[in-house]
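1. give me the fold of what follows.
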Amino acid sequence: MDSKSVPSEGQGLRATTEFIARPQRWYLLLQIDFKEGDSLINEVTVLGLLLEAIQTLFGKAGSGAYSFDVVKVSGNSKNQAIVAVDDCSMVPVWGALSLLSSYRGKCVRILVVKASPFLIALTQT
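-> Now for the predicted structure:
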């Protein structure tokens, strides 16, 4: 046995630790359905929905506290959008979107279909 492979006295064994990094951004796949059914969405509509939901739940002062970005909008028959939110903003934004029931006088339903810290997990649907 080699003397280099055996720790000498006083040197000891070093413990290794693993850290799981907390994601800084989350991506939410949203399903946006209007009651009329004929409304197609675009990036401006999704931004308006997000702002309206946050302002309704948290007020105008609260709307500036949460940051988000619209990554992709599928305005065809799917009416889906991918939104990026900060880690600390994910739960409040998700809650505000779930509680929003009307937008500009139209009944709307917003479902969070998937949430992931990895964008590629949402693009495969």
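2. gap between the worst-scoring helix or strand of the chain on mean pLDDT and the chain center?
-> Least confident helix or strand of the chain, by mean pLDDT, DSSP states H and E, is helix 120-123 with a mean of 84. Relative to its parent chain, helix 120-123 has a centroid offset of 12 Å by CA atoms, centre = their mean, to the nearest Å.
3. residues making contact with it?
-> With CB atoms under 8 Å, 6 or more residues apart in numbering as the test, helix 120-123 has contacts from 27, 29, 72, 82, 114, 116. C-beta coordinates here come from the backbone N, C-alpha and C atoms, glycine included.
4. the same query, at a cut-off of 7 Å, please.
-> Outside helix 120-123, the residues that touch it by CB atoms under 7 Å, 6 or more residues apart in numbering are 27, 29, 82, 114, 116.
5. ok, now stretch 39-46?
-> So stretch 39-46 is in contact with 32, 70, 73, 75, 79, 81, 83, 106, going by CB under 7 Å, 6+ apart.
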